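In: sequence first, predicted model second:
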Amino acid sequence: MSRIGVFICHCGENISRTVDVERVAEEVGRLPGVAFSTDYKYMCSDPGQTLVKKAIQEQKLSHVVVAACSPRMHEKTFRKAVEAAGLNPFLCEMANIREHCSWVHENREEATVKAIDIVGMMVERVKKNRILPTITVPVTKRALVIGGGIAGIQAALDIADCGHEVILVEREPSIGGHMAQLSETFPTLDCSQCIMTPKMVDVANHPKIKLYTYSEIELVEGYIGNFQVTIKKKARSVDEDKCTGCGVCMTKCPQKKIPNKFDQNIGMRTAIYVPFPQAVPNTPVIDRDNCTWFKTGKCGVCQKVCGPGAIDFEQQDTLIVEAVGAIVVSTGFDLYTIAEKPKGSPIKGYGEFGHGKIPDVIDGMTFERLASASGPTGGKILRPSDGKEPKQIVFIQCVGSRAREKGISYCSKVCCMYTAKHTMLYHHKVHDGQAYVFFMDARTPGKSYDEFWRRSIEEEEAVYIRGMVSRLYQKGDKIVVMGNDISVGVQVEIEADMVVLATAIQPQKGADALAQKLGISYDKYHFYSEAHAKLRPVECATAGIYLAGACQGPKDIPETVSQASAAAAKVMTLFSRDQMEREPIVARVREAGCVGCFACKKVCAYGAVEEKEIRDRQGNLIKIVAYVNPGVCAGCGTCQATCPSKSVELDGYTDEQIIAMIEAL
Amino acid sequence: MPLTSQPIDTSIYATITAAIRSEASRLFTAAEVVAIIGYAAARRVGSAQPVIITDAAAAETLIFTEACVNNLAVYLTKAKKEIPKKGKIGIIVKGCDLKALVGLMGESQLKREDLYLIGIPCAGVLASAVQPATTLTTETIASKCCECDVHLPLGCDFVPSVTLPPGPQMESRYSEEIARLEALTPAERWAYWKEQFAKCIKCYACRQICPFCFCEQCLCDRNKPQMVETTPRPAGNTAWHIVRAMHLAGRCAGCAECERVCPMDIPLNLLNRKMAKELKELYDYEAGFEINDKGPLTMFTEKDDQSFIK
Amino acid sequence: MKKLLDYSYYPGCSLHASASEYDLSTRELFKALGIGLTEVPDWFCCGATPAHNVDELLSLSLCAKNLELADKVEGDMAVACASCFSRLKTAQHVLGVSEVKRKQVEKAIDAPVKLDSNVKHLLEILAKDLGLERLAAAVNKPLSGLKVACYYGCLLTRPADVPNLDCAEAPTIMEKVIEAVGAETVAWTHRLECCGANFTLSRPGVVIQLTNAVLESAKAAGADCIMVGCPLCHGNLDIRQKEIEGVYNTSYGLPVFYLTQLIGISVGLGADKLGLDAMMVNPMPLLKEKGLL
Amino acid sequence: MTKKKMIISQETMDVDFVRKVEALAGTSVRSCFQCGKCSAGCPMATFMEHPPNRIMRLLQLGQWQRVLAGRSIWYCVSCETCTTRCPNTVDLASIMDALRKLSWDSDGASKESYVQLANKLFLQNIRTYGRQYEMRLAAVFNVKSGQFLKDLMLGPKLIAKGKLKVFHSKNKNMSEIEKIFTRIEEMRKKGVAL
Amino acid sequence: MHSENQKHDFEPKIIAFVCTWCTYAGADLAGTSRMQYPSNVRVLKFPCTGRIDPVFILKAFQQGADGVLVSGCHPGDCHYIAGNFHARRRFAAFRKLLEFIGVDLGRLAFSWVSAAEGGKWVEVVTDLTEKVRAMGPMVEFKDLALEEQWSGVINTPELQEAYDAI
């Protein structure tokens, strides 16, 4: 016979104001199996917890029900307390009489009756709770970092500096990401390359970091502490071990007019190329779509001029399997474009801005490349259409961002600051030019940020016009900007030489596909979801996977670096032990009942169900049954609902527990 | 629309019987199979019963007639341990029976390579209420045969080469009854089923005969917790039949054995056909046509209908 | 020629008066293309801008009534006037979204609201139902060398998800249609700007200013003429062109064609069948110069 | 009035009026975040004393008197550019319709507007003839607005071109249109429609 | 809003089966936002809608529920990747079965309520409560529970007489 203790919390007055807690304690106390029942002002407080612990010991309680706030709030707290008193933590359940009762009902009688029902249900449930031993799993102390931008680089360096091996996978031929494309950074205007490239070199030279560039994640299997990751290393056509990075191949390549994505397609590159001179690794890659050899079977100039004989036209994509214990996802962002979107897409383009067909209407990243000393113009601000220096330049903020109609309602967070930076860079480079900025709000929270924005106006003489632009159109070699100054209440028209759009930050293309491989969730924009917006901002709900940088939401550099270090710290916490414990809410198979139809296996999203042979002593096969790998099982219970004979059961949510609750009603 | 009774041509059944006998004999002689599950004549004139034969001599006992109503697939599941597992087992299957086998293969209960399938081109079998020696007509034919879409089983190892004579047009008994019930109000439907389920004596013959009720421990027999009341009272009966229909949804291919064996004449296959119809409409899924890794209720697409969800 | 397609035809008030040449040319062109038009019996005014401006319920009721009348004729509903088109489409949209309004309208017209009928502007019928290929095949006299400024105005495409004729900000349907019959089109800036439309009576000053900007832009882009699909735009661009030239002391001389007139010329219909004599800015010199008459 | 200080309180912010506008327009007033894109693209903004975004602002503050006192809403040409481009999917054109309707119903100052007059005649014509009768519309408008000579030169030319018909073809189903008008009036009298 | 003075003749019993990550959290949010809704609902927490067995719904009706709500994460938001997709199919089929048996589907509601949709939770629960209140008690399963075998048909006067005599 169970000896259940029920503890009713007043939560100050939060519960007791509408629920007659004494009556609840009294009525619940009469339920069969309840040995002790009491109420207290703050059950979660230290004295409250002591009350629970003392009662367990003095009353020899077998199970505990705490009727208080939501289990999402304090289930862990009370389970810990119960454990400290010597009971298995899973013999404690919480009845939610605050969020689900006292806060949502005004009528005291109704709320009290409901609270009694809720507690009664939990009493019946807890009777069926079983002792669940904590599950321990071994931890492989190697980390995988996906994405080699500043977030991935920072996370990889932090983890590696702590002495753990790191696998860093980058899709592009070089690490560096978007930060390597930037000219200067706000609010200090220090050169991005100058602070970025040393870190890239650190990665290349770090003995604990294994770098896979031009590679993608193919498959992720396993679970926290024990992932097996298959990486596809795309054929580079250049042997990395032989190549010395001398660059002769690039100077001799006859295909010289290929738009360079790194330069936002305004600069050109060869078919064998490194995206930018400071690339890490400094090993070129052959772009097979544009290479004459691959297109016609003739040429081979690079092969002829390569001293070490590193060119390998026969190279194939290779698959590499790495075992890791933790994964940091840092795939970064992509920029929204105003181009027309395919029909049916939730995101729309900007027809009113010409759908990207006006050549001198560019985006912020293109402006970065123009302003960058290592960019295609050598740092000169020149129009893509005719190479002239724009004297009237218009910046438009919130293009795509905060535009529900276009399908994106969030703020991209960094555009106000980088536009202010752009006006400064422009003013430094074109002394006789004038910059105008159309904006709705200036959002500049951050250390020295607002001062920076003010400086662009007060010292660098940018003209800020509060109001969105309705339309852009080409008129001769000018772009007519039809705007409005809402402070004055008058329409504004500017004939600009160049227009720079602060386009929205979006997750990388294919972010959803990667998330599905990783088994992590994402929001409707495909930004990855953190486990808790406030308290677990760098962890995914899927254990062992962590987030860093703009793949989780728009972020500036300092924030990205902080999050990367935080993710690294989380990984190191995990790696600080040889084994880790996990909540034992996992499915178990009752082999006697299982007939091996594997409906459970078909519905398991985690691949946690395996086939297991049952043999007699002579080794004859009796039957094949399902087996749930407790390390992989996430505990959703879909298998149990699907199993016709209910031969698989989810611990903590067994049919017995649930039926007990329904029958208590 | 009731049609006047018309005879159905079953003259090919004699040829089929001869063909399966010689094929069975050949199989044993060539040691291709260790046993064959088929039909043999039973004691009452014209009746048939399932039989398992293990040698060529017994091949002569095999028959196929309009009385061969049983779905023999069930002997491969519950009774399979009785058959020595030393080689291939031959089985005689009508189109409807084959659908059950296909389903069982999809659910890892059977392997195609362990079976030798002798397919029967079938013009129909007799309804269970009819005396065995009756001629097959549009009236005496089993309901399931009225809406049969697999007179000729596909993908078998051996099929007697006969030409199925064209049959007369038949009423769609299940579809019409489903449509009739759907047109009623919920209360009227409830009254209908209440009366039907009230008859149930919980003999579980429906469960015994069903090839898909292959669980070793049925959920409905459990008492810790008791998910479904086990006593043959209306509440427990209703729950049993609902759970049964739900468990067969997307799997049952309509051999209608449950209905045939029900001593209380509960129209059990009606529930199964209704579920099949809904799953066809919802997910364009029909059971029994190909070996599927996943059934309609163990898979999903992101675009599934959710008009019923707020 | 065998009839390919059949429509119920809603001309609208303007086509029975100031835009009679639009009506005439539509009927003649569609006859020539083998498209059947049956006029909606006893149609009413759709209420146009004035009704929705001050009395949405009336506007919706009038449109709903017309949709009901059109339902009696087989085929989708062909609409020539951009304003009528916009009103009918908007009514369908609003009544589909708001149950409250739908119930009120049903009370007002004492009949159920028909939302499923397809309301199509002539452009849509030519470009999509007939198809550009079949349209091109019907051409006898390609409009080669004629530079056309396609003027959409406001109501054909706006707002984005209501008329659903084409992209609201960068439509191409007019250009596609007229290029299919051999004309050249010009890229110009004011093809989607407003001409002042319904202020033609009450605030001609405003209309003159807005329309002038449109004419100026078309001229600057090197257009020979303007093509429209709306009698209101036509009224402002054509009827008031002389007056505008006076006010701004300039000369445009841009003939303003209805799309059916230009396509009519290309399929070989005569001036009398297209009502070219009704145009205020005489198109004859231009057509002669291009060898089209 | 426009220069008068706004005294903002729960009493002076007329939420009921705004709700009425929202119900009529089927769109939210609160969604506007004052980006001003509507005013930037409005072909009539230069004619208005309150550009569209400010009308939205005044509505958000429940200051409808200021909106209706001005002529801005009667300068809106219903081109729908604002609705098309609003980043927050506010259907501004419908809000303008709603405001005009409410102004039309009340005895607002702008009832004298020529636009009002034209609209009124237009609707009268529909009620009388079932269809529009442009000749009469123009003639009566000029008489009523006191601009006897307005567009004087256009008339005869249009008649010559067959563009203005002196005699009008009446709809044969006139009782139907009258019924629609009457039913709507009755619904309003009963208070079941706005 | 549920007013205190409102008294009803019939207070329906509503059972809600919800997933812990979205709907339970959404209901928590309704609480922290102090939204008000009828107190008729009793919530059973599951890790995921994928865990919810149709038998539970049946059991709930048998135990006297007048209305049942099943609610989980929106498609794509499932904490367990796809549990809600499986649940969606399962319940699409199950509700058709119940409907065919003669259960009025007005008593069985399904919804997606995210952790951010406290308001929607209130709306869903209030709607179902009021709808079921208007429909009256769910008597079908309760009647069944009271009946004995064969009690459905006493159709001959002899039987009736004999029965009365007992």
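Out: Cool, got the structure. Computed from a predicted model, the values in this text were never measured in an experiment.
In: drop to CA atoms for contacts and neighbour counts, all remaining ones
Out: Will do.
In: in which helix or strand does the spatially most central residue of chain D reside?
Out: The residue lying closest to the centre of chain D (Cα atoms, centre = their mean) is residue D:100, at 4.0 Å. Here residue D:100 is covered by helix D:92-105, with elements defined by DSSP states H and E.
In: flag every buried residue along that helix.
Out: Within helix D:92-105, the residues that qualify as buried are D:92-104, counting by 16 or more other Cα atoms under 10 Å in any protein chain shown.
In: same check, this time on stretch A:192-212
Out: Across stretch A:192-212, burial judged by 16+ other Cα under 10 Å covers A:192-193, A:196-197, A:199-200, A:203-204, A:206, A:208-212.
In: which ones are touching residue B:160?
Out: B:15, B:16, B:19, B:20, B:119, B:120, B:121 (Cα atoms under 8 Å, 6 or more residues apart in numbering or on different chains).
In: filter those to the buried ones?
Out: By 16+ other Cα under 10 Å, these give B:16, B:19, B:20, B:119, B:120, B:121 as buried.
In: just to be sure, the third one is in a strand?
Out: No. Assigned with DSSP: H, G, I helix; E, B strand; the rest coil, residue B:20 falls outside any strand and is helix.
In: ok, it to residue B:117 distance?
Out: Per Cα to Cα, to the nearest Å, residue B:20 is found 11 Å from residue B:117.
In: also the first one?
Out: Using Cα to Cα, we find residue B:16 at a distance of 14 Å from residue B:117.
In: which of the buried residues of helix D:92-105 sit farthest apart?
Out: Maximum pairwise distance in those, criterion Cα to Cα, is 18.1 Å, between D:92 and D:104.
In: the helix holding residue D:100 and chain C, any residue contact?
Out: Yes. Applying Cα under 8 Å from any Cα of the partner chain, one finds helix D:92-105 touching chain C at D:96, D:97, D:98, D:100, D:101, D:102, D:104.
In: could you export the buried residues of stretch A:192-212 as a markdown table, including pLDDT and secondary structure?
Out: Below are those laid out as a markdown table (pLDDT from 0 to 100; DSSP: H, G, I helix; E, B strand; the rest coil):
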| residue | pLDDT | secondary structure |
| --- | --- | --- |
| A:192 | 93 | helix |
| A:193 | 90 | helix |
| A:196 | 93 | helix |
| A:197 | 93 | helix |
| A:199 | 96 | helix |
| A:200 | 96 | helix |
| A:203 | 96 | helix |
| A:204 | 94 | helix |
| A:206 | 97 | coil |
| A:208 | 97 | coil |
| A:209 | 97 | strand |
| A:210 | 97 | strand |
| A:211 | 97 | strand |
| A:212 | 97 | strand |
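In: determine which two of those residues are furthest apart.
Out: Put simply, by Cα to Cα the two of those set farthest apart are A:192 and A:208, 25.4 Å from each other.
In: got any ranges where the stretch 201-310 of chain B has weak pLDDT?
Out: Residue ranges of the stretch 201-310 of chain B with pLDDT under 70: none are present.
In: residues from it in reach of chain A?
Out: Checking the stretch 201-310 of chain B against chain A by Cα under 8 Å from any Cα, the hits are B:214-219, B:224-225, B:227, B:247, B:293-294, B:298-299.
In: mind checking which of those residues are buried?
Out: By neighbour count, with 16+ other Cα under 10 Å, these hold B:214, B:215, B:217, B:219, B:225, B:227, B:247, B:294, B:298, B:299 as buried.
In: quick one: the strands in chain C, in order.
Out: Secondary structure of chain C, counting by DSSP state E: strands at C:5-10, C:35-39, C:76-79, C:119-121, C:147-150, C:184-185, C:225-228, C:256-258.
In: and among those, the most buried is which?
Out: Each of the strands of chain C was scored by mean neighbour count; the highest is strand C:256-258, a mean of 28, by mean count of other Cα atoms under 10 Å in any protein chain shown.
In: what's in contact with it?
Out: Counting by Cα under 8 Å, 6+ apart, C:22, C:225, C:226, C:227, C:228, C:229, C:230, C:234, C:237, C:238, C:279, C:281 sit against strand C:256-258.
In: 10 Å instead?
Out: Here strand C:256-258 makes contact (Cα atoms under 10 Å, 6 or more residues apart in numbering or on different chains) with C:19, C:21-23, C:25-26, C:80, C:148-151, C:224-231, C:233-239, C:241, C:262-264, C:274, C:276, C:279-283.
In: restrict those to those near chain B?
Out: Near chain B, judged by Cα under 10 Å from any Cα of the partner chain, there are no entries from the contacts of strand C:256-258.
In: narrow the residues you listed to those in helices?
Out: Those of those mapping onto helices are C:21-23, C:25-26, C:231, C:233-234, C:241, C:262-264, C:274, per DSSP state H.
In: out of the residues you listed, who's near chain D?
Out: Answer for those near chain D (Cα under 10 Å from any Cα): residue C:21.
In: dump the ones in helices among the contacts of strand C:256-258 to CSV, plus neighbour count, distance to chain E and pLDDT.
Out: As requested, those are exported to CSV (neighbours: other Cα atoms under 10 Å in any protein chain shown; distance: Cα to the nearest Cα, whole Å; pLDDT from 0 to 100):
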residue, neighbour count, distance to chain E, pLDDT
C:21, 28, 55, 90
C:22, 30, 51, 93
C:23, 26, 51, 92
C:25, 26, 53, 94
C:26, 25, 49, 95
C:231, 26, 48, 90
C:233, 29, 47, 91
C:234, 25, 50, 91
C:241, 25, 57, 93
C:262, 25, 51, 95
C:263, 29, 50, 95
C:264, 26, 53, 94
C:274, 27, 56, 92
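In: for the stretch 101-250 of chain B, which residue gets nearest to chain D?
Out: Closest to chain D within the stretch 101-250 of chain B is residue B:185: 34.3 Å, counting by Cα to the nearest Cα.
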